[in-house]
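In: sharing a sequence plus its predicted fold:
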There are 4 protein chains.
Amino acid sequence: SLPLALIAGPCQMESRDHALETAAALKEITDRLGIGLIYKTSFDKANRTSVNAARGMGLEKALPVFAEIGERFGLPTLTDVHEIHQCAPVGEVVDVLQIPAFLCRQTDLLVAAARTGRVVNVKKGQFLAPWDMVNVVAKLTQSGNGRVLLTERGASFGYNTLVSDMRGLPVMAQTGAPVVFDATHSVQQPGGKGASSGGQREFVPVLARAAVAVGVAAVFIETHPDPDHAPSDGPNMVPLKDLESLVALLQEIDRVAKAHPVAI
Amino acid sequence: SLPLALIAGPCQMESRDHALETAAALKEITDRLGIGLIYKTSFDKANRTSVNAARGMGLEKALPVFAEIGERFGLPTLTDVHEIHQCAPVGEVVDVLQIPAFLCRQTDLLVAAARTGRVVNVKKGQFLAPWDMVNVVAKLTQSGNGRVLLTERGASFGYNTLVSDMRGLPVMAQTGAPVVFDATHSVQQPGGKGASSGGQREFVPVLARAAVAVGVAAVFIETHPDPDHAPSDGPNMVPLKDLESLVALLQEIDRVAKAHPVAI
Amino acid sequence: SLPLALIAGPCQMESRDHALETAAALKEITDRLGIGLIYKTSFDKANRTSVNAARGMGLEKALPVFAEIGERFGLPTLTDVHEIHQCAPVGEVVDVLQIPAFLCRQTDLLVAAARTGRVVNVKKGQFLAPWDMVNVVAKLTQSGNGRVLLTERGASFGYNTLVSDMRGLPVMAQTGAPVVFDATHSVQQPGGKGASSGGQREFVPVLARAAVAVGVAAVFIETHPDPDHAPSDGPNMVPLKDLESLVALLQEIDRVAKAHPVAI
Amino acid sequence: SLPLALIAGPCQMESRDHALETAAALKEITDRLGIGLIYKTSFDKANRTSVNAARGMGLEKALPVFAEIGERFGLPTLTDVHEIHQCAPVGEVVDVLQIPAFLCRQTDLLVAAARTGRVVNVKKGQFLAPWDMVNVVAKLTQSGNGRVLLTERGASFGYNTLVSDMRGLPVMAQTGAPVVFDATHSVQQPGGKGASSGGQREFVPVLARAAVAVGVAAVFIETHPDPDHAPSDGPNMVPLKDLESLVALLQEIDRVAKAHPVAI
């Protein structure tokens, strides 16, 4: 088992400057910690609660910035795709294509993502059991791409609430795909604020500690210099200044966990 | 409150002949019962559990059949769209565009559907609370289309199970949109059979009776001459021969319910 | 199938006068409607959210009042028991012993209730599946008492919320026991107000209509002349003045439902 | 924060010999590991799924064995009480009185347990939110006993399934009571085998690792020399031979976790 990796970045690409700044800051932090980093950000928030919510820079403006981040900092990048036609151009530039949870069963989108040859990270739908993801993995591998990551981001638990079932981590690992724990969206309160989703940032470390102790390939944490003024997912992003100590602790737990892998 | 309407048809359009036959049979039944009918069928099953599962005839072949059903039987038709680019051509021919539950928060798809000017029927996501649908309705009305239907089709309840919360029907009605109860997918057991979804057809009448007694604009029931050999949703489709007596009973309940509308 | 019966009364026996008044009022209403009535009230609320909450008159003072209600109005009575030693004295006077939902698996309490020879009404635990109740029924019948009622009162659905799964009604009926729908506690929001449970009275008719349309032996509705000042369950009790029209409507739905019994 | 303690023992006290043997074995293991041990076993299983299931030795025969374990091994003991009248005699001998999850809101039982002056360990009901436990703690402290433990053992998640919400651990800790994680009953599948409860022993280490990484005062693990032939909870007890390595790993995680306490 490889040591823990980190997928991190701001929820949205807000501007070229903002993206480069946060990438630089994350590069510094993760170099100090000696942890692998994938820079994550979204060029479009396609399923906001409200039609009026900010959606990001858009594909065309974002792609050169992803390329610049890759070149300047030597960082692999990750972003989410929502439409079939986005897969090819995104796959030209970005290292990991992410399938959003709501879309994790859309066959054509999975196939299009697989065909780019890039790593595909599929978020488990809030409406799926961990063992259902074996069918999702098969849609990708049967399309000729075995480079798959699976991400846990919470399951529906009553209304406007998610719960993280830690049993799902080793269950999904049985597919052979590395498993990621998304600590940011797992603390989301979907629709919980009426016209936007709420979140409970204080539980990000709680759930991240738990998942890393079980054993995961990577942890996914959205972070922002000023989350309370971020255009999306503010309530559940970790302030950039708090990230280093959190990740350092997760690495400590990871060392214990990886020395004694869970077997189910 | 208008009397109960019926949205019915086979899950997939299997062939022109199959579609015309089932439309003819449904037309006869609903004429006898004096109930309004919208003929429902899918040209593509875009989110099957398995990549190998049958997906339907496809858009190009299906559209002329929808047109033929409309002309020959004078029936309004309904089908689901999964991609933005499908909305316009489907909207040329089909009367009601349906947004699948997993996609009910995809802003661009909602906007594209709204712009056709057709009625848009949005299925509530299994991961949403009934009161969250007000944001979905706003995405449509703010796109200039107030002809919206909302459909209840079950909420996630643990793994591989849905539950139908009858309180959601009047809650969604508060948006002003007519509310439909989908008795077919509410008895689905998502992923419950490993590589396909299970279902419990015997509970279709149970949940349909309950919903109609609360008060709904329409009930949605998939039906098939031979469900056990249907390419999809067989376990939860009602055999065509059993439909008439079920709908007749629902109409009796509806008469009582509509005479005493629920107020919340 | 017999016509719908009604189990009704105030949550707590507040005083002899209050009990007699409400019994008289309910007797009048149900005589007018021609519906069988069982008068329900509790002598002790043993599991209030807060230790400081009002708990009722107590066993000793309450038993003569139950006897008086039986004699004066010819009404069968129902109350809940929480301790083994309460079963025998309650069974001397009260017609139906009710096992609270939290206690529905306490073997000794079930056996003691069964041994009184009285009808035993067991509320399904919020933590149980409908098919689990077959084991509860067996605990009673194997103790020599086959006079069992089973009551649905909601299942846990995330935190501080219950959901009523209407499929559970025919599933529980497969045990052979008549099934009751408790419309009052099904709309409870357990713990939802911090130091007390909340409730949503406006959904009582919604869920009662649904359950009766599926088909139940009786509906359970707590009622009070002034719910907003009742010592317990105020938020989910129906004002006495609104009961008659609600029950009349339920009887209309029941006539349709019983003419076409559900078969699963 | 004190180092992790262990609450362990067989589900039922099967015989004096069996109890002494398992206590001796656990004493040896925990001495080697340097971890505090409370010996747990039940004298009566009062809420078995089936009325025919084995229930344990009973109070009278069990109390002298608890006393003997305390004296011979210097071990504090823990057992569960189900009836008010059991509290005083159990409190004479046993160090920790445990309130079963189904009974966690029974005011009189809580008060009777509190009045023994012993430590009271309350299991959170499967139907309660973590923040609801503040009311339970108040019932105990207002009865003059502030020596309270709170135990997480899973929340209802659909039918026949529990889920462990790790966010609940720090939420319950806000009451000031030490929090225990019950890894045995959290993997129970209530009623999942028809006439008995199922369980998934392989997930005990998964959930225990997660909870300890978040930070708990103690972990509760039922263990047995031969779980597959144990009279109750066999499917979720850990074989005695596997306990030492599991607890050693949990201690390692605990050292990291306690050095960096979670703050919510």
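Out: Looks like it came in fine.

In: how about residue A:76, what does it touch?
Out: A:37-39, A:70, A:95-96 (Cβ atoms under 8 Å, 6 or more residues apart in numbering or on different chains). The way it works is simple: take the backbone N, C-alpha and C, and place the C-beta from them, glycine included.

In: can you redo these as JSON lines with distance to chain D and pLDDT?
Out: Shown next, in JSON lines, are the contacts of residue A:76 (distance: Cβ to the nearest Cβ, whole Å; pLDDT from 0 to 100):
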{"residue": "A:37", "distance to chain D": "21", "pLDDT": "98"}
{"residue": "A:38", "distance to chain D": "23", "pLDDT": "98"}
{"residue": "A:39", "distance to chain D": "26", "pLDDT": "98"}
{"residue": "A:70", "distance to chain D": "33", "pLDDT": "98"}
{"residue": "A:95", "distance to chain D": "30", "pLDDT": "98"}
{"residue": "A:96", "distance to chain D": "26", "pLDDT": "98"}
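
In: counting neighbours, which of the residues you listed comes out on top?
Out: Counting neighbours by other Cβ atoms under 10 Å in any protein chain shown, residue A:39 leads the contacts of residue A:76 with 27 neighbours.

In: quick check, that one in contact with residue A:69.
Out: Yes. When contacts are counted by Cβ atoms under 8 Å, residue A:39 is listed as touching residue A:69 (5.7 Å).

In: got any residues that touch both of the two?
Out: Common neighbours of residue A:39 and residue A:69, using Cβ under 8 Å, 6+ apart, are A:23, A:75, A:77.

In: confidence-wise, which helix or strand of chain A is lowest on average?
Out: When each helix and strand of chain A is scored by mean pLDDT, DSSP states H and E, strand A:198-199 comes last, with a mean of 86.

In: show residues contacting it.
Out: For strand A:198-199, contacts defined as Cβ under 8 Å, 6+ apart pick out A:160, A:184, A:187-189, A:192, A:233-236.

In: can you give me the end-to-end distance of stretch A:117-135?
Out: 19 Å (Cα to Cα, to the nearest Å).

In: close to chain B, is that stretch?
Out: Yes. Against chain B, stretch A:117-135 shows contacts by Cβ under 8 Å from any Cβ of the partner chain at A:125-129, A:131-132, A:135.

In: which of the residues you listed fall within strands?
Out: Of the residues of stretch A:117-135 next to chain B, none are assigned to strands by DSSP state E.

In: coming back round to it: the contacts of residue A:76 into CSV, with extra columns for distance to residue D:140?
Out: Shown next, in CSV, are those (distance: Cβ to Cβ, whole Å):
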residue, distance to residue D:140
A:37, 48
A:38, 48
A:39, 50
A:70, 58
A:95, 55
A:96, 51
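
In: excluding covalently adjacent residues, which one is nearest to residue A:143?
Out: residue A:114 (3.7 Å; Cβ to Cβ, 6 or more residues apart in numbering or on different chains).

In: how many other residues sit next to the one you found?
Out: Around residue A:114 sit 25 other residues, with neighbours defined as other Cβ under 10 Å.

In: can you tell me the average pLDDT over the helix or strand where it lies?
Out: Applying DSSP states H and E as the criterion places residue A:114 in helix A:107-115. For helix A:107-115, mean pLDDT rounds to 97.

In: same question for stretch A:46-61.
Out: 87.

In: gap between the two ends of that stretch?
Out: 16 Å.

In: mind pulling up the pLDDT for the residue nearest in space to the middle of chain A?
Out: The centre of chain A sits closest to residue A:220, judged by Cα atoms, centre = their mean, with a distance of 4.8 Å. Residue A:220 is assigned a predicted lDDT (pLDDT) of 98.

In: list the neighbouring strands of the host helix or strand of it plus their orientation.
Out: For residue A:220, the element it lies in under DSSP H and E is strand A:218-224. Using DSSP bridges, strand A:218-224 pairs in its sheet with strand A:5-9 (parallel), strand A:179-182 (parallel), strand A:238-239 (parallel).

In: and those, which is most packed in?
Out: Ranked by mean neighbour count, the strands paired with strand A:218-224 are led by strand A:179-182 with a mean of 28 (mean count of other Cβ atoms under 10 Å in any protein chain shown).

In: just how off-centre is that one within its chain?
Out: 7 Å (Cα atoms, centre = their mean, to the nearest Å).

In: show residues contacting it.
Out: With contacts defined as Cβ under 8 Å, 6+ apart, strand A:179-182 is touched by A:7, A:121, A:123, A:149-154, A:164, A:169, A:172-173, A:207-208, A:211-212, A:216-220.

In: wait, doesn't residue A:161 sit right on residue A:189?
Out: Yes. Under the criterion of Cβ under 8 Å, residue A:161 makes contact with residue A:189 at 6.3 Å.

In: for chain A, just list every one of the helices.
Out: A:16-33, A:59-73, A:84-93, A:107-115, A:133-141, A:168-173, A:204-214, A:240-259 (DSSP state H).

In: from the ones you listed, pick the one with the highest average neighbour count.
Out: Of these, helix A:204-214 is the most buried (mean count of other Cβ under 10 Å), at a mean of 28.

In: which of the contacts of strand A:198-199 lies closest to chain B?
Out: Using Cβ to the nearest Cβ, residue A:160 comes nearest to chain B of the contacts of strand A:198-199, at 5.5 Å.

In: okay, now the closest residue to the closest one other than its chain neighbours: neighbour count?
Out: Closest residue to residue A:160 apart from its sequence neighbours, by Cβ to Cβ, 6+ apart: residue A:192 at 4.4 Å. The number of residues packed near residue A:192 is 18, by other Cβ under 10 Å.
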